[in-house]
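**Q** sequence and predicted model, in that order:
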Amino acid sequence: MMKQKTTIKHYTLYQLTLVYHIIALLLIGTNFFIIHQLPYVIEHRPIGLAIDIVVLCTMLGVALYGLRRIKKGETSILETAERYQSLYDNHPDSIISFSLDGEVLSANHGLESLLGLGRENATTSFIPMISPPDLLKALHHFQVASAGMPQNFEATFIHQNGIPIPSNVTFVPTKVDGQVVGIYAILKDLTEVKEQKKVIDKLYKQNQLILNSVSEGIYGIDMSGRTIFWNQAAEAITGWKVDEMLGRQIHNLIRPEKTDGTLFSREESPVLNMILNRDAPIMKEDLFWRKDGTSFPVEFMSSPILEEKGHILGTVITFKDITALKKTQELLIKSDKLSAVGQLAAGVAHEIRNPLTALKGFLQLLKTNSIKEQYYIEIMQKELQRIEFIVNEFLFVSKPQATNFDTRTIDSIVMSTIELLQPQAILENIQIEADIEPNLPPVSCDERQIKQVFINILKNALESMEEGGLMRIEAATDAAKKNITIRFIDQGCGIAPERLPKLGEPFYSTKEKGTGLGLMVCYRIIEAHGGMMEIQSKLEEGTTVEITLPSIQVKITEGVSVT
């Protein structure tokens, strides 16, 4: 490049000198061949002499001006050459000038620091400088640069002591008069860059391992609310993959809604603005949304990402699914309620049973011939029986009941329950249909308690079917025959969705005169048998109560049944 610029300036000075010579020749020719041929000038020789003097002075002036311009141009050329030579020699990168044949024409001081080669002992070709695996690549780029196209690539050079030096290489074509006459190679040592990249990669992997080993979901957002990182726990909890969240707004996860049900925009989002505009950590509970559209309760902590000057660059949000924690809290609250109910029930039952026994005894002694009075006595006896039934439920709640587990079959218990409540069903125009899988395996249970559960559920179902209909009872095993599922499916009035979670709590009942203790007793009996009871219902469509009990696996060995 330096030689090219210098050549151009020399070419300009040559043109300027030629112009000055042409001007001088024109002045001499004009003077001798035109002016001195005029008759007037011939007749008056002093005038011709004066014109000669003027022409001579003009030529001297032009010559002096030309010499000054040429001197100034030469000075500029020398200064420019020195500037380019200084840039060439003192550039921190290694610069090598090659001919089109690949011969080294010159090199700067950077070559010695990079490869240990001085400018005086540099090899005559660049081929020995390059590591053999990168030689073909370098030759290809050299050929392309020789055609006039600059090239940039990475290659490994060999130091004088044999150490490989990874370098960034730039081939720049050297052009003179529009023709490529050589190649400049600019080499930049990438050893330190490579080491820094290794350190950065190592730190990145360590950070990723830390982020992915945390059981809590962690993600970061910038000041526009777009996700900038997302760990594996966040994937597992929400179902959103990293590539589905990076660079996108977090409205997929946090869905603030207006009163009309539409979503807030980024500017209107109170949750997002609250997260981004805080300069101190905050902890809150809220609802997040999974990819499948379901919501779940979370406890999240929002911490700002601050730069050195304290400016907020974004926010890191750490969250955990507290669904299990909420359920545990509900169970603890329910347990506290049951404990309180048990203590209350024990006291109430004790205080009521004594006077209740006396009332029942004296009512039996009250005999009368009056039909009206006898009718009143029967009403009082029925109400006392109801009170006694409630007291017994209180006693069941207040203390564990003695259970006698024995091997029984579910179909026999179901059929005896149907026989017991069949008259009530007929009176209320309800048809009971039983679909029981044949050869059900037996279960280990207290038959009296399981029958109490079935009676309670079937009775509730019949009472809900005020307009009659079909009551269906199903019993079947799973594929492995490890569990037996009994379903009571009615066509009653159903239960509102908001009331379903509270079923089984003491003193909560859907019936006008119910205490809620009966269903709670059913839950406790099934749990004591290692089973599970679930209730599904829709208003005006009916209710399904599903009970699952573990079965006893029976093996037949030489005609002997072994359980």
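**A** Looks like it came in fine.

**Q** every contact and neighbour count from this point should use C-alpha atoms.
**A** Will do.

**Q** so how far is the first residue of stretch 481-494 from its last?
**A** Using CA to CA, to the nearest Å, the span of stretch 481-494 from its first residue to its last is 31 Å.

**Q** that stretch: how far from the chain's middle?
**A** The gap between the average C-alpha position of stretch 481-494 and the chain average comes to 41 Å, counting by CA atoms, centre = their mean, to the nearest Å.

**Q** low-confidence stretches in the stretch 451-563 of the chain?
**A** 501-502, 504-518, 553-563 (pLDDT under 70).

**Q** the strands in it, which residues?
**A** When secondary structure is read from DSSP state E, counting those that start in this stretch, the stretch 451-563 of the chain shows strands at 469-477, 483-489, 532-538, 542-550, 555-557, 560-562.

**Q** CA atoms only: put the first one into PDB for me.
**A** Same thing as strand 469-477. These are the backbone C-alpha positions of strand 469-477, laid out as PDB (Å, rounded to 0.1, in the frame of the first residue of the first chain):
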ATOM      1  CA  GLY A 469     -84.000 -42.200  37.300                       C
ATOM      2  CA  LEU A 470     -81.300 -44.800  37.000                       C
ATOM      3  CA  MET A 471     -78.800 -45.400  39.800                       C
ATOM      4  CA  ARG A 472     -75.800 -47.400  38.400                       C
ATOM      5  CA  ILE A 473     -73.200 -49.200  40.500                       C
ATOM      6  CA  GLU A 474     -70.000 -50.600  38.800                       C
ATOM      7  CA  ALA A 475     -67.200 -52.700  40.200                       C
ATOM      8  CA  ALA A 476     -64.100 -53.800  38.300                       C
ATOM      9  CA  THR A 477     -60.300 -54.400  38.700                       C
END
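
**Q** by contact count, what packs against it?
**A** Here strand 469-477 touches strand 430-436, strand 483-489, going by 3 or more CA pairs under 8 Å, 6 or more residues apart in numbering; DSSP states H and E.

**Q** partners of the first one, with directions?
**A** The sheet places strand 430-436 alongside strand 469-477 (parallel), with pairing taken from DSSP bridges.

**Q** swap in the last one?
**A** Paired strands of strand 483-489, with direction, are strand 469-477 (antiparallel), strand 542-550 (antiparallel) (DSSP bridges).

**Q** out of those strands, flag the one nearest Trp240.
**A** strand 542-550 (33.5 Å; CA to CA).

**Q** low-confidence ranges in the stretch 101-250 of the chain?
**A** For the stretch 101-250 of the chain, applying pLDDT under 70 flags the ranges 118-124.

**Q** any chance you could map the strands in it?
**A** Taking DSSP E, counting those that start in this stretch as the criterion, the stretch 101-250 of the chain carries its strands at 104-107, 151-158, 164-176, 179-189, 217-222, 227-230.

**Q** swap in the stretch 301-450 of the chain?
**A** 312-321, 406-408, 430-436, 443-445.

**Q** just put the ones you listed in a markdown table and tack on mean pLDDT and distance to Pro304.
**A** Written out in a markdown table, the entries for the strands of the stretch 301-450 of the chain read as follows (pLDDT from 0 to 100; distance: least, CA to CA, whole Å):
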| stretch | mean pLDDT | distance to Pro304 |
| --- | --- | --- |
| strand 312-321 | 84 | 4 |
| strand 406-408 | 89 | 63 |
| strand 430-436 | 91 | 62 |
| strand 443-445 | 91 | 58 |
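
**Q** just put these in a markdown table and tack on mean neighbour count and distance to Thr328.
**A** As requested, the strands of the stretch 301-450 of the chain are exported to a markdown table (neighbours: other CA atoms under 10 Å; distance: least, CA to CA, whole Å):
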| stretch | mean neighbour count | distance to Thr328 |
| --- | --- | --- |
| strand 312-321 | 20 | 13 |
| strand 406-408 | 15 | 33 |
| strand 430-436 | 16 | 36 |
| strand 443-445 | 21 | 28 |
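
**Q** how about those strands in a markdown table, adding distance to Leu117?
**A** What follows is the strands of the stretch 301-450 of the chain, written out as a markdown table (distance: least, CA to CA, whole Å):
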| stretch | distance to Leu117 |
| --- | --- |
| strand 312-321 | 48 |
| strand 406-408 | 96 |
| strand 430-436 | 95 |
| strand 443-445 | 91 |
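
**Q** what's the mean pLDDT across the helix or strand hosting Leu56?
**A** Leu56 belongs to helix 45-90 when elements are defined using DSSP states H and E. Helix 45-90 carries an average pLDDT of 70.

**Q** rewinding a little: to Leu539, which of the strands of the stretch 101-250 of the chain lies closest?
**A** strand 217-222 (38.3 Å).

**Q** what is that closest one packed up against?
**A** With 3+ CA pairs under 8 Å, 6+ apart as the test, strand 217-222 has strand 227-230, helix 232-238, strand 312-321 packed against it.

**Q** for Pro441, see how far away the residue nearest the centre of the chain is.
**A** Residue closest to the mean C-alpha point of the chain, counted by CA atoms, centre = their mean, is Trp230 at 4.0 Å. Here the criterion is CA to CA. By it, Trp230 lies 50 Å from Pro441.

**Q** ditto for Ile322
**A** 39 Å.

**Q** neighbour count for those two, which is higher?
**A** For Ile322 versus Pro441, neighbours defined as other CA atoms under 10 Å are more numerous around Pro441 (22 against 15).

**Q** just the pLDDT at the more buried one, thanks.
**A** If you check Pro441, the pLDDT there is 91.

**Q** correct me if wrong: it contacts Ile552.
**A** Yes: taking contacts as CA atoms under 8 Å, Pro441 lies within contact range of Ile552: 6.3 Å.

**Q** would you mind measuring from the spatially closest residue to Pro304 that is not a sequence neighbour to Phe229?
**A** Taking CA to CA, 6 or more residues apart in numbering, and ignoring the residues beside it in sequence, Pro304 has Thr315 as its nearest neighbour in space, at 4.3 Å. If you measure Thr315 against Phe229 using CA to CA, the figure is 11 Å.

**Q** before we move on, what about Val545?
**A** In this structure, Val545 and Phe229 are separated by 46 Å, where distance is defined by CA to CA.

**Q** could you tell me the end-to-end distance of stretch 526-545?
**A** Counting by CA to CA, you get 12 Å between the two ends of stretch 526-545.

**Q** that stretch: which residues count as buried?
**A** Neighbour-count burial for stretch 526-545 flags Ile526, His529, Gly531, Met532, Met533, Ser537, Lys538, Gly542, Thr543, Thr544, Val545 (criterion: 16 or more other CA atoms under 10 Å).

**Q** from those residues, which is closest to Asp134?
**A** Proximity of the buried residues of stretch 526-545 to Asp134 was ranked by CA to CA; the top entry is Met532 with 70.6 Å.

**Q** which other residues reach stretch 420-430?
**A** Taking CA atoms under 8 Å, 6 or more residues apart in numbering as the criterion, the residues outside stretch 420-430 that touch it are 431-432, 455, 458-459, 462, 465-471.
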